[in-house]
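Chemist: Please find the sequence and the predicted model below.
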Amino acid sequence: MSAKDFDLLHAARTEDLEESQISNLAVIGKSEEEIIGKLKFSGAHLLQGARGIGKSMLLRETESELDRDFKSDRILAIYVNFKTSTLLEGVKADNKNAFQVWVGAKILQAIYEKLVDSGIIAASAVSDPFKRIFGVETVFGMKKVLQEKIHLLQKLSKNENRDKVIEKLGSEFLDKVNDTSYVLEIIKEIIDEYSLNRIVFLFDEAAHTFIPEQQEIFFEIGHDAILIPLGAFEPGSTGRDASRKLYRELITKRIPEGKLRKTIFSKGDLLDQCIHLSSGNPRAFLHLFNRVYDRGYTERALLLATQDFVDQELLPYHLGLSKRLPKYSHHVKLGLDILREYITPEIRKKNVREKKTQYQTAFFTLPRDIPPNLKLSLDLLCYSGVLSKQGTVKIASRKTGQRYMVHLALLFTEKAFISNKFSDVISMISLTDYREFSASDSSFDIYLDKLKLSADECQECSSEVPPNAKFCPECGAKVVEKSIVGQLLDDTVRKMSISSAMADRVEPEYPRVGDVVHATRQDLMKISYIKDVRSKMIKNAADEYISG
């Protein structure tokens, strides 16, 4: 396998790809086409789905398609990624919320770079509104100024030389960019100046990454976004065929015709098992497939690699939410305990009983009136991709309930199916077959009682404090915030989603996640065998680690 093939096969994040590669490598099915169509039109839409499900790819492909039609439609697509927002947790910039200033600066930077890169603002332009606003004479100088301002805002998280950093930022810049209405006026001016029909903003990692305090700031604009859920799973023959076609196309686009591609497709049954075990998640597929291929690309390799994927990636990511969402740390553990100790064994029992009917299930349902703490725990499992919501279904007593699917790789490793050969199992799984749980199930009460014992207490009166509460409901004392980003930055680089070979090279120079976050790609490229593509992967892995 050549280095180029290796890099494309291991580039599981959209950010790992060059802009020119994204459209060429994007695999678009019917449902993806429908979603892109919705994103192109006016109004706010919110993509909902676990990490790796393809949200970023859909946003970038939407941008690419709008770019192609720009000359005729005059609709300008602006993609903005907010993945390092956690660095601005609780940070002040001259008594202003540094996060709000950073968001404004990121939006302005993205607009300006798009205007320049697309040739709308020429180097000789005299009507450049950004030059008038910030008093910078050249296009190159303007790009440099905005990049530097964002870098300085993120530098405030280091608690070093803050006064000097704020002085470099400048009070005028902080005042202007902190003012949402001022930023909006700039956007309106740009639309008029360049005869645009509209600007479509494609915000990535906003709802997913922002901590609750940041979400309150970002979403205070009051838009009622139309929810677009991703990750619908269809285990029937039509759905399986569509999945196989999509993921085989993904391999074909990333691997040039030759020996490697021939080897991969020569074991079609094994490839299909990797596809289905990924539960409809492209990133999970690439990670799982690479593990299988690295272990020898055999049935035994699949068993071992699937266990590794679950033990080293799927479950650790979920448990890691305790650091990213400290107020929900008890719910993170509670949900996983319920799933592994009660729900999965119940699914296993159902599957064993139905051996003769040739049905197998990966689904369970719960009514809508379940306790809030149980719902939150399950929602966190969906956030991390351990579970996924698969629509509303009819349940007992003429009610409706939420249907959940357990990640197939987890069920497979927990031996919840009647066969250890997954190619036999996948054809037996049916959406209409599920284990139904009631809201009054006493087994859930045991876990919920444990949660009460582990609940956070008010430091003033020792009363129980609900998750995400800002003040104690009993005495009114302010709840002390727990820092999120500080813990994450101190973690070892080996916790990042990079190969052990990459970690071996990075760790001696940059042992902590924070070291990589604050390093430049040029710094990383001084390490042997870490060049342009791999430095980008490493930086993206660090940014993703702190963003979730």
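Modeler: Yep, that arrived.
Chemist: residue ranges for the helices of the stretch 351-500 of the chain, please.
Modeler: Ranges of helices in the stretch 351-500 of the chain, per DSSP state H, counting those that start in this stretch, are 372-383, 408-413, 422-425, 442-453, 485-489, 500-506.
Chemist: ranking these by burial, who's on top?
Modeler: Most buried of these by mean neighbour count (mean count of other Cβ atoms under 10 Å) is helix 408-413; its value is a mean of 23. Just so you know, the C-beta spots here come from the backbone N, C-alpha and C atoms, and that holds for glycine as well.
Chemist: Tabulate the helices of the stretch 351-500 of the chain in JSON lines, adding columns for distance to residue 295 and mean pLDDT.
Modeler: Output for those, formatted as JSON lines (distance: least, Cβ to Cβ, whole Å; pLDDT from 0 to 100):
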{"stretch": "helix 372-383", "distance to residue 295": "28", "mean pLDDT": "91"}
{"stretch": "helix 408-413", "distance to residue 295": "15", "mean pLDDT": "97"}
{"stretch": "helix 422-425", "distance to residue 295": "16", "mean pLDDT": "91"}
{"stretch": "helix 442-453", "distance to residue 295": "36", "mean pLDDT": "85"}
{"stretch": "helix 485-489", "distance to residue 295": "30", "mean pLDDT": "73"}
{"stretch": "helix 500-506", "distance to residue 295": "13", "mean pLDDT": "90"}
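Chemist: As JSON lines, those with distance to residue 271 would be great.
Modeler: Below are the helices of the stretch 351-500 of the chain laid out as JSON lines (distance: least, Cβ to Cβ, whole Å):
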{"stretch": "helix 372-383", "distance to residue 271": "27"}
{"stretch": "helix 408-413", "distance to residue 271": "15"}
{"stretch": "helix 422-425", "distance to residue 271": "10"}
{"stretch": "helix 442-453", "distance to residue 271": "39"}
{"stretch": "helix 485-489", "distance to residue 271": "35"}
{"stretch": "helix 500-506", "distance to residue 271": "24"}
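Chemist: what ranges of the stretch 351-500 of the chain fall below the confidence cut-off?
Modeler: Along the stretch 351-500 of the chain, segments meeting pLDDT under 70 span 355, 453-464, 467-468, 480-486.
Chemist: sorry, back to before: ok, which of the helices of the stretch 351-500 of the chain comes nearest residue 256?
Modeler: Smallest distance to residue 256 across those (Cβ to Cβ): 22.7 Å, for helix 500-506.
Chemist: closest one to residue 434 among the helices of the stretch 351-500 of the chain?
Modeler: Judging the helices of the stretch 351-500 of the chain by Cβ to Cβ, what sits closest to residue 434 is helix 408-413, at 12.9 Å.
Chemist: now that closest one, how far from the chain's geometric center?
Modeler: 21 Å (Cα atoms, centre = their mean, to the nearest Å).
Chemist: Only alpha carbons, please: show it as CSV.
Modeler: Once non-C-alpha atoms are left out, helix 408-413 reads as follows in CSV (Å, rounded to 0.1, in the frame of the first residue of the first chain):
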residue,chain,number,x,y,z
LEU,A,408,-24.3,-3.5,15.9
ALA,A,409,-20.5,-3.8,16.6
LEU,A,410,-21.4,-3.6,20.4
LEU,A,411,-24.1,-6.2,20.1
PHE,A,412,-21.8,-8.5,18.0
THR,A,413,-19.1,-8.4,20.6
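Chemist: before we move on, the earlier item: of all the helices of the stretch 351-500 of the chain, which lies closest to residue 264?
Modeler: It is, among the helices of the stretch 351-500 of the chain and with distance given as Cβ to Cβ, helix 422-425, at 16.3 Å.
Chemist: The closest one packs against which elements?
Modeler: helix 268-277, helix 408-413 (3 or more Cβ pairs under 8 Å, 6 or more residues apart in numbering; DSSP states H and E).
Chemist: If we use 7 Å, what do you get?
Modeler: When contacts are defined as 3 or more Cβ pairs under 7 Å, 6 or more residues apart in numbering; DSSP states H and E, helix 422-425 sits against helix 268-277.
Chemist: Thanks a lot, catch you later.
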